[in-house]
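Asks: Next comes the sequence, and after it the predicted model I'd like to discuss.
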Amino acid sequence: MSEQTIRIRDAVTNNLDHLDLDIRRGRLVVIAGVSGSGKSSLVFDTIAAEAGAELNETFPPFTRNRLPKWTRPAVGGIDGLSPVIVIDQRRLGGNARSTVGTITDTWTYLRLLFSRLSVPHVGESSAFSFNDPAGMCPTCSGIGEVVVPDVGSFLDCDRSLADGAIALPGFGEGQHWYRKYAEIGAFAVDRPLRDWPQEHIDALLYGGDHIASVIAAVPKDYEGVVERFERIYLRTSDTLSERKRKTIAEFTHSALCPDCGGERLHEAARTATVDGHTIAELARLEIPELRDIVRGMDRPEVSSVVTALCDRLAAMETIGLGYLHLARATGSLSGGESQRIKAVRHLGSSLIEMLYVFDEPTVGLHPHDVTAMVDLLGQLRDRGNTVLVVEHDPAVMAQADEVIEIGPGPGSAGGRLVFQGTFDGLLDSDGPTGRALATGREEQRHPRSPDGWVRIANATTNNLGDITVDIPRGVLTVLTGVAGSGKSSLASELVAQHEAITIDQKPVSANRRSTPITYTGIAAAIRRRFAKLTGAPEGLFSANSEGGCPVCRGLGIIYTDLAFMDGQETTCPTCRGTRFTAEALAHTADGLTIADVEHLTVTEALARLDEPTIRARLVHLDRVGLGYLRLGQPLNTLSGGEAQRVKIAKELRDATEPSIYLLDEPTTGLHISDIARLSAVLDDLLGDGHTVVVIEHNLDVIRTADWLIDLGPGPGRHGGQVLYSGPTAGIGDTATGRALREG
């Protein structure tokens, strides 16, 4: 029956190939498939998008404009949907006021507890909120930090005033502010500041008594450079111009608030205690320690608050976030941590028959912690909800009620139903996932020998316990350990001490005009080829130049602002999404228009475009498993894993001198059948003389490592130590060692 099934008919969103599919509700369903097969197109761009759009339509237009925007999918019909909650890997915003405590509501419970029990009594719970005027520190407005002048950047002491010793805007020779100092007769204008007496430097910077000791007749309006900067840039209530913002960013830095010391709260809230603890002290404790203390605060009048808070803290510990503390800024959390934080927020919900959608929830999790994540997904299902999970981890598939595989290949070779059934049935299936599972794990190879060592000395970042570690050169080293054990902290020390090149999962470009064509640098070669074969000018074959459609300005889409209603992106009716003018499309080279070239996948382009320059720059994208990307696809649409592989391809193409490369979980978004391809790509980097260091939880990658550095034993303050450093085969009885033997 339709009310018990999500019924999808003729879905053609992105690469979905007229897909028909029935998904039974009330189940934990894993959507599998190779990278680019259409999993996200089905789950996020079709099911979640339709559910979100239909729910939004129930609200009045004014409210709708303030809700998340959903693009309606290209689908014949969908039935059986319910309100959707998408729990993805997008990092929680870098809002300076957002912390682990505020985002999980644990801070709300904690301040409610203090408002009832604190000594002395302070007031309502808002008095313990750093986001409320009643509770925030007046000096830093609840941020915990203040912006202060970076005085060291104000002056270039190797120059004279006349040569521009004051680096701030407006102090060049002859300019107004320059004359204020050059013409009072106190300073040697033509001498480098390095030759000035210290009291003259102080007088220039700070004025006040300093200038009075240098010159008798001090102008009444005299201000030191620092005083003037603070008045103009830091003490103004006016809206700041872009120029002023840039100046502030260049010549200031953040410092702990001198009044609250980073605790964000006003004095009364900072000093009030419950059982001898201030609320700020508790906010800095790791989750298990905080939970134990809160349990001891149980009084009849607050028992419900204590229970709710302890339940939420226990849930955070269960899914591997016990090493966090409530004061941790959300902007510092990884994508995987952010996703698990979002999941915790829904565990206490009394809503049922919801549709939960997860995007690779095991990213960033050690195999030791995956079971806890699967249990969380099961809890959501058991409360009467439908849980859809895009996932590559066989451990999650094995616990699912149903597995659906989309494929069989990426891009135009995918978008079809390959398999639907149980995990046991998947093991016997002939799709890419079934074959990869049947093949089994990759055997450990003979490790390479290092050709030298790089020492990370006395590392103390975050929870690292003043450790010294030697990284072998010329081989593949994998950093392992449970979430929060110190892997990323050690990696940051490697970057800081040895200038390692980080290949992370941050977006390649936020610009819609950036595509594989522009990023690889083949745009000019393509334009030259078209111009040579057609006789037309090269600019005609650029959508960002004279060949761009004038209606959509070469974007292929038109955005319509509907004021209080949702804005709409529609395909440009003039160029039909091709981005080019009719004149540009009238020319062909090798039987293709310029729009046809942009529509080619990387793999297709390697076969169709017989131009050495083009092929040499595209082959690396194909080598890293991105052959399904279309040449004209905006790079701002790529996932984190895809963005990382684009960067790897660039390094394969451009790297010359041997370097140290640091990769953060490069298997993110990779199908298990592509792990061998990734290993081959890393082998290519090593073959070129580079050193590769990888943070990774994937057991197949760990097994192929030449050297293993295992951190732990636990997360947070329980980690930060080197448990093992050596060839992978020699690891002992650690969480990673046990996972390798059992996996």
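Replies: Sure, I can see it. Numbering: from 1, shown residues only.

Asks: So the closest residue to Leu592 other than its chain neighbours versus Leu618, what's the distance?
Replies: Distance criterion C-beta to C-beta, 6 or more residues apart in numbering; nearest residue to Leu592, sequence neighbours excluded, is Arg608 at 7.1 Å. For every residue, glycine as well, the C-beta is placed using N, CA and C. Taking C-beta to C-beta, to the nearest Å as the measure, Arg608 and Leu618 are separated by 11 Å.

Asks: ok, the two, which is more surrounded?
Replies: When Arg608 is set against Leu618 and neighbours are counted by other C-beta atoms under 10 Å, the residue ahead is Leu618, at 27 against 15.

Asks: where does the more buried one land on pLDDT?
Replies: In this prediction, Leu618 carries a pLDDT score of 92.

Asks: Tell me the secondary structure at it.
Replies: Three-state assignment for Leu618 (DSSP: H, G, I helix; E, B strand; the rest coil): helix.

Asks: Can you give the distance of stretch 360-373 from its chain's centre?
Replies: 18 Å (C-alpha atoms, centre = their mean, to the nearest Å).

Asks: Listing request: residues of the protein with sub-threshold pLDDT.
Replies: With pLDDT under 70 as the threshold, the chain has low-confidence stretches at 1-3, 91, 93-94, 237-240, 335, 348, 440-444, 510, 560-568.

Asks: on that earlier part again, wait, the residue nearest to Leu592 sits on Leu600?
Replies: Yes - here Arg608 lies in contact with Leu600, judged by C-beta atoms under 8 Å, at a distance of 6.2 Å.

Asks: Mind listing the shared neighbours of the two?
Replies: Contact with both Arg608 and Leu600 is made by residues Leu592, according to C-beta atoms under 8 Å, 6 or more residues apart in numbering.

Asks: What about Pro138, how many residues nearby?
Replies: The number of residues packed near Pro138 is 12, by other C-beta under 10 Å.

Asks: ugh, wrong one, Pro573
Replies: Per other C-beta under 10 Å, the neighbour tally for Pro573 reads 10.

Asks: what about it, distance to Leu540?
Replies: Taken as C-beta to C-beta, the spacing of Pro573 relative to Leu540 amounts to 21 Å.

Asks: now swap in Gly322 and tell me
Replies: In this structure, Gly322 lies at 60 Å from Leu540, with C-beta to C-beta as the measure.

Asks: for His266, same thing?
Replies: Counting by C-beta to C-beta - His266 and Leu540 are separated by 65 Å.

Asks: Please apply the same query to Val226.
Replies: Distance from Val226 to Leu540, counting by C-beta to C-beta: 55 Å.

Asks: Looking at these two now, which is surrounded by more residues?
Replies: Leu540 (21 against 17).

Asks: nearest spatial neighbour of the more buried one, skipping sequence neighbours?
Replies: Spatial nearest neighbour of Leu540, chain neighbours left out: Gly547 (4.5 Å); criterion: C-beta to C-beta, 6+ apart.

Asks: phi, psi of that neighbour?
Replies: For Gly547, the backbone dihedrals are phi -90, psi -10 (criterion: degrees, to the nearest 10).

Asks: Run a quick neighbour tally on Pro550.
Replies: Residues within reach of Pro550, counting by other C-beta under 10 Å, total 10.

Asks: Three-state assignment for it, please.
Replies: coil.

Asks: ok, now Val387?
Replies: At Val387 the chain is in strand, as set by three-state DSSP.

Asks: If you drop the residues flanking it in sequence, what lies closest to Ile672?
Replies: Across the structure, with C-beta to C-beta, 6+ apart as the measure, the residue nearest Ile672 apart from its sequence neighbours is Ala436 (4.5 Å).

Asks: Isn't Thr480 up against Arg703?
Replies: No - the pair Thr480 and Arg703 does not pass the contact test of C-beta under 8 Å, sitting 11.2 Å apart.

Asks: more crowded one of these two?
Replies: Thr480 (31 against 19).

Asks: Can you pull the phi/psi pair for the more buried one?
Replies: Here is the backbone geometry of Thr480 (degrees, to the nearest 10): phi -130, psi 170.

Asks: could you list every residue that touches it?
Replies: Contacts here follow C-beta under 8 Å, 6+ apart; on that basis Thr480 touches 366, 487, 696-697, 702, 708-711, 736.

Asks: from those, which would you call buried?
Replies: Members of the contacts of Thr480 that pass the buried threshold by neighbour count (16 or more other C-beta atoms under 10 Å) are listed as 366, 487, 696-697, 702, 708-711, 736.

Asks: burial count for the closest residue to Pro507 other than its chain neighbours?
Replies: Across the structure, with C-beta to C-beta, 6+ apart as the measure, the residue nearest Pro507 apart from its sequence neighbours is Ala643 (5.6 Å). When neighbours are counted by other C-beta under 10 Å, Ala643 registers 21.

Asks: just Tyr222 next, same as before
Replies: By the measure other C-beta under 10 Å, the count of residues near Tyr222 is 18.

Asks: can you check Arg435 too?
Replies: Other residues close to Arg435 by other C-beta under 10 Å number 13.

Asks: Wasn't it part of a strand?
Replies: No - membership of Arg435 in a strand is not supported by three-state DSSP, which gives helix.

Asks: any idea how far Glu289 lies from Leu606?
Replies: Distance from Glu289 to Leu606, counting by C-beta to C-beta: 56 Å.

Asks: An error on my part: the question was meant for Gln379.
Replies: For Gln379 relative to Leu606 (C-beta to C-beta), the value is 47 Å.

Asks: Right, I'll leave it there.
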